[in-house]
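>>> next input, structure requested:
(one chain, ligands or ions: 1)
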Amino acid sequence: MKLRDAPSACPSLWRCLPCPPAELRLDLVLSSGQSFRWWESSPGAWTGVLGGRVWTLRQDGDRLWYTVYGEEEEERDGCPAKAAKLDAAETDRILRDYFQLDVGLSALYRAWGAADPLFHKVAKDFPGVRVLRQDPVECLFSFICTSNNHISRITAMIERLCQAFGRRLCCLDSRPFHAFPSLSALTGADAEARLRALGFGYRAKFVSGSARAIADGLGPEGLCQLRTAPYAEARKVLCALPGVGAKVADCVCLLSLDKAEAVPVDTHVWHIARQRYGVALSGKSLTPRAYQEIGDFFRGLWGAHAGWAQAVLFCADLRKGQKPASSQHQAWET
Ligand SMILES: Nc1nc2[nH]c(O)nc2c(=O)[nH]1
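Here you go, the predicted structure:
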(Lines give C-alpha, C1' and ligand atoms only; values in the text may rest on other atoms or scores of the structure.)
Protein backbone atom coordinates (compact mmCIF):
# COMPACT_ATOMS: atom_id res chain seq x y z
CA MET A 1 0.00 0.00 0.00
CA LYS A 2 1.23 3.53 -0.78
CA LEU A 3 1.46 6.45 1.59
CA ARG A 4 -0.89 9.25 0.56
CA ASP A 5 0.88 12.54 1.07
CA ALA A 6 -1.73 15.04 -0.15
CA PRO A 7 -5.47 15.14 -0.92
CA SER A 8 -4.74 16.17 -4.52
CA ALA A 9 -3.16 12.74 -5.23
CA CYS A 10 -6.35 10.73 -4.53
CA PRO A 11 -9.07 13.19 -3.46
CA SER A 12 -11.80 10.60 -2.92
CA LEU A 13 -9.77 9.01 -0.11
CA TRP A 14 -9.40 12.22 1.87
CA ARG A 15 -11.86 14.08 4.09
CA CYS A 16 -11.56 17.33 5.96
CA LEU A 17 -12.74 19.07 9.09
CA PRO A 18 -12.85 22.83 9.62
CA CYS A 19 -9.98 23.70 11.97
CA PRO A 20 -7.99 26.96 11.90
CA PRO A 21 -4.29 26.91 12.89
CA ALA A 22 -5.04 29.01 15.99
CA GLU A 23 -7.05 26.02 17.20
CA LEU A 24 -4.60 23.32 16.13
CA ARG A 25 -1.04 23.23 14.85
CA LEU A 26 -0.38 19.62 13.87
CA ASP A 27 3.36 20.17 13.55
CA LEU A 28 3.63 21.47 17.12
CA VAL A 29 1.19 19.10 18.77
CA LEU A 30 2.35 15.86 17.16
CA SER A 31 6.06 16.42 17.76
CA SER A 32 6.07 17.83 21.28
CA GLY A 33 6.29 14.80 23.53
CA GLN A 34 2.57 14.18 24.06
CA SER A 35 2.34 11.16 21.74
CA PHE A 36 5.32 9.31 20.31
CA ARG A 37 3.57 7.61 17.39
CA TRP A 38 3.37 10.29 14.70
CA TRP A 39 5.92 10.69 11.96
CA GLU A 40 6.25 13.47 9.36
CA SER A 41 5.93 11.17 6.35
CA SER A 42 6.34 14.03 3.87
CA PRO A 43 6.57 17.78 4.52
CA GLY A 44 3.41 18.77 6.41
CA ALA A 45 1.89 15.26 6.34
CA TRP A 46 1.77 13.33 9.62
CA THR A 47 1.28 9.58 9.58
CA GLY A 48 0.57 7.55 12.70
CA VAL A 49 -1.60 5.00 14.42
CA LEU A 50 -4.79 6.07 16.17
CA GLY A 51 -7.57 3.79 17.36
CA GLY A 52 -6.01 0.72 15.75
CA ARG A 53 -5.82 2.29 12.28
CA VAL A 54 -3.18 4.15 10.32
CA TRP A 55 -3.94 7.76 9.39
CA THR A 56 -2.23 10.55 7.50
CA LEU A 57 -3.15 14.08 8.59
CA ARG A 58 -2.38 17.36 6.90
CA GLN A 59 -3.37 21.00 7.45
CA ASP A 60 -4.19 23.39 4.65
CA GLY A 61 -5.40 26.84 5.73
CA ASP A 62 -8.43 26.40 7.94
CA ARG A 63 -8.89 22.72 7.12
CA LEU A 64 -7.62 19.56 8.73
CA TRP A 65 -7.38 16.87 6.05
CA TYR A 66 -7.17 13.18 6.83
CA THR A 67 -7.08 9.77 5.20
CA VAL A 68 -7.39 6.36 6.84
CA TYR A 69 -5.61 3.31 5.41
CA GLY A 70 -6.47 -0.34 5.20
CA GLU A 71 -10.06 -0.06 4.06
CA GLU A 72 -9.81 0.21 0.29
CA GLU A 73 -6.70 -1.62 -0.86
CA GLU A 74 -6.03 -5.28 -1.32
CA GLU A 75 -3.69 -7.08 1.03
CA ARG A 76 -0.04 -6.67 0.04
CA ASP A 77 3.43 -7.17 1.46
CA GLY A 78 2.16 -9.87 3.78
CA CYS A 79 0.01 -7.44 5.77
CA PRO A 80 -3.44 -8.36 7.05
CA ALA A 81 -6.56 -7.99 4.94
CA LYS A 82 -8.46 -4.74 5.07
CA ALA A 83 -10.17 -3.66 8.28
CA ALA A 84 -13.89 -3.08 8.58
CA LYS A 85 -14.74 0.25 7.01
CA LEU A 86 -15.51 3.17 9.28
CA ASP A 87 -18.02 5.66 8.00
CA ALA A 88 -17.11 9.32 7.60
CA ALA A 89 -19.09 10.40 10.66
CA GLU A 90 -17.12 7.93 12.76
CA THR A 91 -13.68 8.99 11.48
CA ASP A 92 -14.63 12.65 11.98
CA ARG A 93 -15.70 11.79 15.53
CA ILE A 94 -12.45 9.92 16.28
CA LEU A 95 -10.34 12.89 15.17
CA ARG A 96 -12.47 15.48 16.94
CA ASP A 97 -12.22 13.43 20.11
CA TYR A 98 -8.44 12.85 19.81
CA PHE A 99 -7.75 16.55 19.30
CA GLN A 100 -10.53 17.63 21.72
CA LEU A 101 -11.73 20.07 19.08
CA ASP A 102 -14.74 21.04 21.17
CA VAL A 103 -12.37 22.93 23.50
CA GLY A 104 -11.96 26.50 22.20
CA LEU A 105 -8.20 27.03 22.35
CA SER A 106 -7.94 30.65 21.17
CA ALA A 107 -10.13 31.85 24.03
CA LEU A 108 -8.00 29.89 26.51
CA TYR A 109 -4.79 31.46 25.12
CA ARG A 110 -6.34 34.90 25.57
CA ALA A 111 -7.29 34.17 29.17
CA TRP A 112 -3.88 32.66 30.06
CA GLY A 113 -2.06 35.55 28.39
CA ALA A 114 -4.17 38.14 30.23
CA ALA A 115 -3.43 36.46 33.56
CA ASP A 116 0.25 35.78 32.94
CA PRO A 117 2.58 38.13 31.01
CA LEU A 118 5.27 35.44 30.81
CA PHE A 119 2.82 33.05 29.14
CA HIS A 120 1.75 35.83 26.77
CA LYS A 121 5.34 36.50 25.71
CA VAL A 122 6.26 32.86 25.12
CA ALA A 123 2.98 31.59 23.64
CA LYS A 124 2.62 34.17 20.88
CA ASP A 125 5.09 32.12 18.80
CA PHE A 126 3.38 28.83 19.60
CA PRO A 127 -0.31 29.01 18.70
CA GLY A 128 -2.53 25.96 18.32
CA VAL A 129 -0.91 23.76 20.93
CA ARG A 130 -3.71 21.67 22.37
CA VAL A 131 -3.76 18.61 24.60
CA LEU A 132 -4.43 15.27 22.94
CA ARG A 133 -6.98 12.85 24.38
CA GLN A 134 -5.06 9.61 24.07
CA ASP A 135 -5.92 6.05 24.85
CA PRO A 136 -5.10 5.61 28.57
CA VAL A 137 -3.24 2.29 28.14
CA GLU A 138 -1.03 3.71 25.39
CA CYS A 139 -0.45 6.93 27.31
CA LEU A 140 0.44 5.18 30.57
CA PHE A 141 2.96 2.77 29.06
CA SER A 142 4.45 5.44 26.84
CA PHE A 143 5.03 7.74 29.79
CA ILE A 144 6.55 4.96 31.88
CA CYS A 145 9.16 4.89 29.09
CA THR A 146 9.81 8.64 29.36
CA SER A 147 11.75 8.48 32.63
CA ASN A 148 15.35 9.68 32.11
CA ASN A 149 14.79 9.59 28.38
CA HIS A 150 14.48 12.00 25.48
CA ILE A 151 11.94 12.15 22.69
CA SER A 152 13.90 10.46 19.91
CA ARG A 153 14.87 7.55 22.17
CA ILE A 154 11.36 7.26 23.59
CA THR A 155 9.92 7.22 20.06
CA ALA A 156 12.33 4.47 18.97
CA MET A 157 11.64 2.46 22.13
CA ILE A 158 7.88 2.65 21.66
CA GLU A 159 8.21 1.64 18.02
CA ARG A 160 10.13 -1.47 19.11
CA LEU A 161 7.48 -2.15 21.75
CA CYS A 162 4.71 -1.96 19.14
CA GLN A 163 6.57 -4.11 16.61
CA ALA A 164 7.28 -6.80 19.20
CA PHE A 165 3.96 -6.85 21.08
CA GLY A 166 1.40 -5.05 18.90
CA ARG A 167 -0.91 -6.28 16.15
CA ARG A 168 0.36 -5.65 12.65
CA LEU A 169 -1.99 -3.28 10.84
CA CYS A 170 -0.68 -2.59 7.35
CA CYS A 171 2.40 -1.71 5.32
CA LEU A 172 2.84 1.68 3.67
CA ASP A 173 5.68 1.94 1.18
CA SER A 174 6.87 -1.37 2.69
CA ARG A 175 7.01 0.10 6.18
CA PRO A 176 4.97 -1.99 8.63
CA PHE A 177 2.62 -0.30 11.10
CA HIS A 178 1.55 -1.88 14.38
CA ALA A 179 -1.12 -1.11 16.92
CA PHE A 180 -0.06 -0.22 20.44
CA PRO A 181 0.12 -3.49 22.41
CA SER A 182 -2.90 -4.60 24.38
CA LEU A 183 -2.53 -4.97 28.13
CA SER A 184 -2.69 -8.75 27.84
CA ALA A 185 0.20 -8.76 25.36
CA LEU A 186 2.35 -7.06 28.02
CA THR A 187 1.47 -9.44 30.84
CA GLY A 188 3.09 -12.59 29.42
CA ALA A 189 5.57 -14.43 31.64
CA ASP A 190 8.45 -13.50 29.35
CA ALA A 191 7.41 -9.86 28.78
CA GLU A 192 10.05 -8.38 31.08
CA ALA A 193 12.89 -10.39 29.52
CA ARG A 194 11.73 -9.51 26.01
CA LEU A 195 11.55 -5.82 26.93
CA ARG A 196 15.08 -5.97 28.35
CA ALA A 197 16.24 -7.52 25.10
CA LEU A 198 14.58 -4.59 23.30
CA GLY A 199 16.72 -2.13 25.29
CA PHE A 200 14.17 -1.04 27.89
CA GLY A 201 16.65 -1.48 30.78
CA TYR A 202 15.09 -0.91 34.22
CA ARG A 203 11.88 0.25 32.52
CA ALA A 204 11.21 -3.36 31.45
CA LYS A 205 10.24 -4.25 35.01
CA PHE A 206 7.99 -1.21 35.29
CA VAL A 207 6.18 -1.88 32.01
CA SER A 208 5.54 -5.55 32.73
CA GLY A 209 4.81 -4.89 36.44
CA SER A 210 2.30 -2.14 35.68
CA ALA A 211 0.66 -4.27 32.99
CA ARG A 212 0.23 -7.11 35.45
CA ALA A 213 -1.00 -4.80 38.23
CA ILE A 214 -3.68 -3.33 35.96
CA ALA A 215 -4.67 -6.70 34.52
CA ASP A 216 -5.04 -8.14 38.05
CA GLY A 217 -6.79 -5.04 39.42
CA LEU A 218 -8.52 -2.25 37.53
CA GLY A 219 -8.45 -3.82 34.07
CA PRO A 220 -8.16 -1.65 30.94
CA GLU A 221 -11.78 -0.50 31.34
CA GLY A 222 -11.08 0.52 34.95
CA LEU A 223 -8.16 2.60 33.74
CA CYS A 224 -10.44 4.29 31.21
CA GLN A 225 -13.10 4.84 33.87
CA LEU A 226 -10.63 7.05 35.74
CA ARG A 227 -11.75 9.65 33.20
CA THR A 228 -14.82 10.21 35.35
CA ALA A 229 -13.01 9.98 38.71
CA PRO A 230 -11.81 13.10 40.52
CA TYR A 231 -8.26 14.17 39.62
CA ALA A 232 -6.83 13.34 43.06
CA GLU A 233 -8.25 9.83 42.95
CA ALA A 234 -7.00 9.10 39.42
CA ARG A 235 -3.55 10.34 40.41
CA LYS A 236 -3.47 8.18 43.52
CA VAL A 237 -4.41 5.05 41.56
CA LEU A 238 -1.72 5.74 38.95
CA CYS A 239 0.98 6.51 41.54
CA ALA A 240 0.46 3.05 43.08
CA LEU A 241 1.70 1.41 39.84
CA PRO A 242 5.34 0.37 39.40
CA GLY A 243 7.38 3.06 37.67
CA VAL A 244 4.73 5.75 38.03
CA GLY A 245 5.72 8.84 40.01
CA ALA A 246 3.91 12.14 40.34
CA LYS A 247 5.06 13.55 37.00
CA VAL A 248 4.21 10.46 34.95
CA ALA A 249 0.84 10.25 36.72
CA ASP A 250 0.12 13.89 35.89
CA CYS A 251 1.09 13.39 32.24
CA VAL A 252 -1.30 10.43 32.03
CA CYS A 253 -4.05 12.37 33.85
CA LEU A 254 -3.64 15.33 31.49
CA LEU A 255 -3.06 13.54 28.19
CA SER A 256 -5.55 10.69 28.48
CA LEU A 257 -7.83 11.00 31.51
CA ASP A 258 -9.52 14.37 30.98
CA LYS A 259 -7.79 16.05 33.92
CA ALA A 260 -7.18 19.45 32.37
CA GLU A 261 -6.01 20.75 35.75
CA ALA A 262 -3.10 18.27 36.01
CA VAL A 263 0.20 20.16 35.79
CA PRO A 264 3.24 17.89 35.31
CA VAL A 265 6.17 19.28 37.29
CA ASP A 266 9.82 18.36 36.86
CA THR A 267 12.91 19.98 38.33
CA HIS A 268 12.97 22.48 35.48
CA VAL A 269 9.39 23.62 36.18
CA TRP A 270 10.34 23.76 39.87
CA HIS A 271 13.21 26.18 39.06
CA ILE A 272 10.98 28.26 36.81
CA ALA A 273 8.26 28.44 39.46
CA ARG A 274 10.77 29.77 41.98
CA GLN A 275 12.89 32.00 39.79
CA ARG A 276 10.52 33.36 37.15
CA TYR A 277 7.21 33.29 38.98
CA GLY A 278 8.60 33.93 42.48
CA VAL A 279 6.66 31.06 44.02
CA ALA A 280 7.58 30.71 47.68
CA LEU A 281 8.07 27.00 48.31
CA SER A 282 8.36 25.18 51.58
CA GLY A 283 11.54 23.22 50.80
CA LYS A 284 14.76 23.48 48.83
CA SER A 285 14.06 20.57 46.50
CA LEU A 286 11.17 19.07 44.55
CA THR A 287 9.52 17.30 47.49
CA PRO A 288 5.94 15.97 47.19
CA ARG A 289 4.81 19.06 49.08
CA ALA A 290 6.67 21.44 46.73
CA TYR A 291 5.22 19.51 43.76
CA GLN A 292 1.70 20.12 45.09
CA GLU A 293 2.44 23.81 45.83
CA ILE A 294 3.71 24.40 42.30
CA GLY A 295 0.69 22.69 40.73
CA ASP A 296 -1.62 24.72 42.96
CA PHE A 297 0.20 27.92 42.02
CA PHE A 298 -0.25 27.31 38.29
CA ARG A 299 -3.85 26.19 38.75
CA GLY A 300 -4.44 29.48 40.59
CA LEU A 301 -2.76 31.45 37.81
CA TRP A 302 -4.07 29.67 34.70
CA GLY A 303 -7.34 28.22 35.97
CA ALA A 304 -9.16 24.97 35.23
CA HIS A 305 -7.15 24.20 32.06
CA ALA A 306 -3.78 24.84 33.72
CA GLY A 307 -2.36 21.61 32.30
CA TRP A 308 -3.15 22.83 28.79
CA ALA A 309 -1.21 26.04 29.42
CA GLN A 310 1.72 23.95 30.68
CA ALA A 311 1.59 21.96 27.41
CA VAL A 312 2.05 25.18 25.43
CA LEU A 313 5.11 26.16 27.45
CA PHE A 314 6.48 22.62 27.36
CA CYS A 315 6.18 22.65 23.57
CA ALA A 316 7.83 26.09 23.37
CA ASP A 317 10.70 24.77 25.46
CA LEU A 318 11.28 21.82 23.19
CA ARG A 319 11.16 23.95 20.07
CA LYS A 320 13.41 26.73 21.29
CA GLY A 321 16.17 24.41 22.42
CA GLN A 322 15.47 21.70 19.82
CA LYS A 323 16.40 19.35 22.62
CA PRO A 324 14.29 17.55 25.23
CA ALA A 325 12.99 19.69 28.02
CA SER A 326 14.83 17.59 30.58
CA SER A 327 18.21 18.57 29.17
CA GLN A 328 17.66 22.05 27.82
CA HIS A 329 14.95 24.54 28.65
CA GLN A 330 15.00 28.02 27.27
CA ALA A 331 11.62 29.38 26.37
CA TRP A 332 10.47 30.34 29.86
CA GLU A 333 13.76 32.06 30.52
CA THR A 334 13.79 34.49 27.62
N1 LIG B 1 2.58 18.59 28.02
C2 LIG B 1 3.60 17.87 28.49
N3 LIG B 1 4.08 16.87 27.75
C4 LIG B 1 5.09 16.17 28.25
N5 LIG B 1 5.79 15.14 27.73
C6 LIG B 1 6.73 14.82 28.62
O7 LIG B 1 7.60 13.84 28.44
N8 LIG B 1 6.66 15.60 29.68
C9 LIG B 1 5.65 16.46 29.48
C10 LIG B 1 5.13 17.52 30.23
O11 LIG B 1 5.59 17.87 31.33
N12 LIG B 1 4.09 18.19 29.69
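
>>> surely Tyr291 forms part of a strand?
No - counting by DSSP: H, G, I helix; E, B strand; the rest coil, Tyr291 is located in no strand; its state is helix.

>>> and Leu226, its phi and psi?
phi -60, psi -10 (degrees, to the nearest 10).

>>> what about it, distance to Val237?
Note on Leu226: its distance to Val237, by CB to CB, to the nearest Å, is 6 Å. Placement of C-beta: from N, CA and C, glycine included.

>>> what separation do you get for Arg319 and Ser32?
From Arg319 to Ser32 the distance is 8 Å (CB to CB).

>>> looking at these two, which is more packed in?
Neighbour tally, Arg319 and Ser32, criterion other CB atoms under 10 Å: the higher count belongs to Ser32, 22 against 17.

>>> hang on, isn't that one packed against Val312?
No - using CB atoms under 8 Å, Ser32 makes no contact with Val312, being 9.3 Å away.

>>> before we move on, the earlier item: and Leu226 and Val237? Which one has more around it.
More crowded of Leu226 and Val237, by other CB under 10 Å: Leu226, with 22 against 19.

>>> how close does that one get to the ligand?
To the ligand, Leu226 is 18 Å away according to CB to the nearest ligand atom, to the nearest Å.

>>> quick one: the lowest-mean-pLDDT helix or strand in the chain to chain centroid distance?
For the chain, counting by mean pLDDT, DSSP states H and E, helix 267-275 ranks last in confidence among helices and strands (a mean of 89). Mean-position distance between helix 267-275 and its chain equals 23 Å (CA atoms, centre = their mean, to the nearest Å).

>>> in it, which residues are buried?
Within helix 267-275, the residues scored as buried using 16 or more other CB atoms under 10 Å are His268, Val269, Trp270, Ile272, Ala273.

>>> would a markdown table of those with distance to Ala280 be doable?
Shown next, in a markdown table, are the buried residues of helix 267-275 (distance: CB to CB, whole Å):
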| residue | distance to Ala280 |
| --- | --- |
| His268 | 19 |
| Val269 | 16 |
| Trp270 | 13 |
| Ile272 | 14 |
| Ala273 | 10 |
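
>>> out of those, flag the one nearest to the ligand.
Val269 (7.2 Å; CB to the nearest ligand atom).

>>> related to what we said a few turns ago, hey, what's in contact with both of Leu226 and Val237?
Leu218 (CB atoms under 8 Å, 6 or more residues apart in numbering).

>>> if we ignore the residues flanking it in sequence, what's nearest Ala114?
His120 (7.6 Å; CB to CB, 6 or more residues apart in numbering).

>>> per-residue pLDDT, that neighbour?
On the pLDDT scale, His120 is placed at 98.

>>> also Glu72?
So Glu72 comes in at 48 (pLDDT).

>>> who's in contact with Ile144?
Contacts of Ile144 (CB under 8 Å, 6+ apart): Arg203, Phe206, Val207, Ser210, Gly243, Val244, Val248.

>>> could you pull up the residues touching the fifth one?
For Gly243, the contacting residues are Ile144, Ser147, Arg203, Lys205, Phe206, Val207, Gly209, Ser210, by CB under 8 Å, 6+ apart.

>>> please redo it, this time with the cut-off set to 6 Å
Ile144, Phe206 (CB atoms under 6 Å, 6 or more residues apart in numbering).

>>> so how far is Phe314 from it?
21 Å.

>>> and for the first one?
Taking CB to CB as the measure, Arg203 falls 21 Å from Phe314.

>>> if you count what's nearby, which of those two comes out ahead?
Phe314 (25 against 20).

>>> quick one: that one is in a helix?
Yes - under three-state DSSP, Phe314 falls within a helix.

>>> and it, how far from the ligand?
Taken as CB to the nearest ligand atom, the span from Phe314 to the ligand is 4 Å.

>>> what is the burial count for Cys239?
Cys239: 14 neighbours (other CB under 10 Å).

>>> ok, how many other residues are close to Gln59?
20.

>>> Cys224 now?
So Cys224, with other CB under 10 Å, has 15 neighbours.

>>> secondary structure element holding it?
Take DSSP states H and E as the rule and Cys224 turns out to sit in helix 219-225.

>>> no further queries at this time; thank you.
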